[in-house]
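Student: What follows is a predicted structure for the sequence shown.
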Amino acid sequence: MFNIVLINPQIPPNTGTIGRLCVNLGATLHLVKPLGFSIDDKEVKRAGLDYWEKLDLKVWENIDDFLANNPIDDRFHFATTKTKNLYFQSNYKSGDYLVFGSETKGIPSEILEANPQKCITIPMSSENGRSLNLALSVGIVTYEAVRQNFETIKDYL
């Protein structure tokens, strides 16, 4: 399926919810340290309910560790508010890396600046808001990737 990457997530319930999403999609969740919490926190597990034990989880010591093992290529999509490239105009393939930054800082600017063609955004009204909740953003982008790869639910199951 897909690889969901969270760089330095800060809010345990967001990560728990994203973990639950990954289990239900058969996606791998990559957590890149430092984390703003322990993955043993009851808040993470509460949001993930009993799904957390079934999660395909990979934890990386830092962004350099993650990138050394998963070099950036055409399979990467970086979600950010700092681009005009709309998420639904990207082409997604099974196995792609959907990368999201922390709730407070986003993806490191050096990664975004080095990969502008791989950056995607969810359109929002600039008058009233600046970003969406991380778990919601992951759901929006991931289900567009699923939609592009499966014509019917039979294809998915």
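Tutor: Yep, that arrived.
Student: May I ask you to name the longest helix in the protein?
Tutor: Longest helix in the chain by number of residues (criterion: DSSP state H): helix 134-149.
Student: quick one, which residue of this structure lies the farthest from its center?
Tutor: Computed with CA atoms, centre = their mean, the residue of the chain farthest from its C-alpha average is E127, at 25.4 Å.
Student: Report the secondary structure state of it.
Tutor: On the three-state scheme (DSSP: H, G, I helix; E, B strand; the rest coil), E127 is labelled coil.
Student: and the gap between it and T104?
Tutor: 22 Å (CB to CB, to the nearest Å). (Glycine included, C-beta is placed from N, CA and C.)
Student: same thing with H77?
Tutor: Computed as CB to CB, the H77 to T104 distance reads 21 Å.
Student: One more: N115?
Tutor: To T104, N115 is 21 Å away according to CB to CB.
Student: Kindly report the same for D74.
Tutor: From D74 to T104 the distance is 29 Å (CB to CB).
Student: who does the longest helix of the chain touch, helix- and strand-wise?
Tutor: Here helix 134-149 touches strand 3-7, helix 12-25, strand 76-79, strand 97-100, going by 3 or more CB pairs under 8 Å, 6 or more residues apart in numbering; DSSP states H and E.
Student: ok, residues contacting that helix?
Tutor: 2, 4, 6, 9, 11, 13-14, 17-18, 21, 25, 27, 77, 79, 87-88, 91-94, 96, 98, 100, 103, 120, 122, 131-132, 155-156 (CB atoms under 8 Å, 6 or more residues apart in numbering).
Student: same question, stretch 55-69
Tutor: For stretch 55-69, the surrounding residues in contact (CB under 8 Å, 6+ apart) are 5, 7, 19, 22-23, 26-34, 39, 48, 108, 111.
Student: 10 Å instead?
Tutor: For stretch 55-69, contacts defined as CB atoms under 10 Å, 6 or more residues apart in numbering pick out 1, 3, 5, 7-8, 16, 18-23, 26-35, 39, 48, 70, 76, 97, 99, 107-108, 110-111.
Student: Please put the alpha-carbon coordinates of it into PDB.
Tutor: Output of stretch 55-69 as PDB, limited to C-alpha atoms (Å, rounded to 0.1, in the frame of the first residue of the first chain):
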ATOM      1  CA  LEU A  55       0.400  -1.400  13.100                       C
ATOM      2  CA  ASP A  56       3.300  -1.800  10.700                       C
ATOM      3  CA  LEU A  57       5.400   0.800  12.500                       C
ATOM      4  CA  LYS A  58       9.000   1.900  11.700                       C
ATOM      5  CA  VAL A  59      10.700   4.400  14.000                       C
ATOM      6  CA  TRP A  60      13.700   6.400  12.800                       C
ATOM      7  CA  GLU A  61      16.200   8.200  15.100                       C
ATOM      8  CA  ASN A  62      16.200  11.400  13.000                       C
ATOM      9  CA  ILE A  63      15.500  12.600   9.500                       C
ATOM     10  CA  ASP A  64      19.000  11.700   8.300                       C
ATOM     11  CA  ASP A  65      18.500   8.100   9.500                       C
ATOM     12  CA  PHE A  66      15.200   8.000   7.600                       C
ATOM     13  CA  LEU A  67      16.600   9.500   4.400                       C
ATOM     14  CA  ALA A  68      19.700   7.200   4.500                       C
ATOM     15  CA  ASN A  69      17.400   4.200   4.400                       C
END
